[in-house]
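Trainee: Dropping the sequence and predicted coords here.
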Amino acid sequence: MTDLVAGALAGIGRPVLDLLALIGRVTLWAASAISHMLRPPFYWREFGQAVMQIGWYSLPVVGMTAIFTGGALALQIYAGGNRFGAEAVVPQIVAIGMARELGPVLGGLMVAARVASSIAAEIGTMKVTEQIDALTTLSTDPMKYLVAPRLLAATLTVPVLVAVGDSIGIMGGWLVGITRLDFNSATYLKNTADFLEVWDVGSGLVKGAVFGFIVALMGCWHGMNSGRGAQGVGAATKAAVVSASVLILAANYLLTEVFFSA
């Protein structure tokens with residue numbers, strides 16, 4: 001009986017200890033990446049390419065996601081408010097919902113799906129083909145050359161994507177409101193502007209910066225720790241997207257608790 005209990009506890013404890021060890025390794029690696037990101041030398045060419053890859057090329061998918069989400073949100077709020085005679089709150093709730101939650105979260109998830117996988121595949125392939133070893137041989141720190149520019153670019157560009165996504169999402173709600181729900185355009189826009197506060201937008205931008213850092217961090221981490229061969233790169237790519245998405249949702253809850261708890 002004692003052996004059974006000990007075996008059961010060991011079966012539970014071993015994965016927990018492995019998880020804690022992994023969290024510790026990722027935390028130390030992230031601290032090292034941040035220190036490299038803040039200290040020279042800086043590889044501005046790599047940074048510029050990362051800005052284009054993470055920011056500009058992600059704009060279409062973020063914009064399309066935002067406009068349809070804003071429109072669907074307006075329809076849902078109108079349908080729900082209609083039960084209580086509160087249809088007039090559609091502009092206000094669409095604005096706050098997009099700015100505080102849906103804009104940052106959906107933008108972060110879209111960037112995670114597109115960028116974390118790309119970064120992990122790129123760096124993982126470089127590891128498999130020994131290009132990272134070649135960088136070290138040429139006295140170029142891979143953390144400086146590969147990781148730091150991507151972390152900085154993601155941290156700076158994802159808030160811009162969130163701001164654009166917020167605007168497009170609110171526009172989507174406005175389009176649905178005036179074309180399908182018989183709202184007056186001027187009244188809809190006035191209610192949106194009067195209700196939305198600076199911190200509603202600012203909190204979403206802070207979330208965007210955190211989510212961008214998470215996306216780049218997970219992509220770089222899994223790429224640098226990729227297994228050998230095509231199978232290892234594929235596993236790293238999948239793990240990067242999954243871990244980035246889960247961490248974004250967890251970080252969103254924690255930040256919302258910090259920003260808006262009573």
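Mentor: That came through, no problem.

Trainee: Going by C-alpha atoms from here, please, whenever you check contacts or count neighbours.
Mentor: OK.

Trainee: Going along the chain, name the helices of the stretch 101-250 of the chain.
Mentor: Ranges of helices within the stretch 101-250 of the chain are 103-111, 117-128, 131-137, 142, 148-179, 185-195, 198-224, 229-260, based on DSSP state H, counting those that start in this stretch.

Trainee: highest average neighbour count across those?
Mentor: helix 103-111 (a mean of 27; mean count of other CA atoms under 10 Å).

Trainee: For that one, the averaged confidence score.
Mentor: Along helix 103-111, the predicted local confidence has a mean pLDDT of 93.

Trainee: re earlier: same list (the helices of the stretch 101-250 of the chain) but as TSV, adding distance to residue 26.
Mentor: TSV is the format used below for the helices of the stretch 101-250 of the chain (distance: least, CA to CA, whole Å):
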stretch	distance to residue 26
helix 103-111	20
helix 117-128	15
helix 131-137	19
helix 142	17
helix 148-179	14
helix 185-195	41
helix 198-224	8
helix 229-260	12
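
Trainee: so where's the stretch 1-150 of the chain shaky on pLDDT?
Mentor: Applying pLDDT under 70 to the predicted model, the residue ranges of the stretch 1-150 of the chain that meet it are 1-11, 13.

Trainee: Domain boundaries for the chain, per the record?
Mentor: Domains of the chain are assigned by automatic domain parsing as 1-35, 44-260.

Trainee: if we can go back for a sec, which one of the helices of the stretch 101-250 of the chain lies nearest to residue 75?
Mentor: Taking CA to CA as the measure, the helices of the stretch 101-250 of the chain were each checked against residue 75, and helix 148-179 came out nearest at 7.4 Å.

Trainee: What residues sit buried inside the longest helix along the chain?
Mentor: When secondary structure is assigned using DSSP state H, the longest helix within the chain turns out to be helix 2-38. Within helix 2-38, the residues scored as buried using 16 or more other CA atoms under 10 Å are 30, 33, 34, 36, 37.

Trainee: That one versus helix 148-179: what angle between them?
Mentor: With axes from the mean of the first three to the mean of the last three CA atoms, to 10 degrees as the criterion, the two stretches helix 2-38 and helix 148-179 enclose an angle of 90 degrees.
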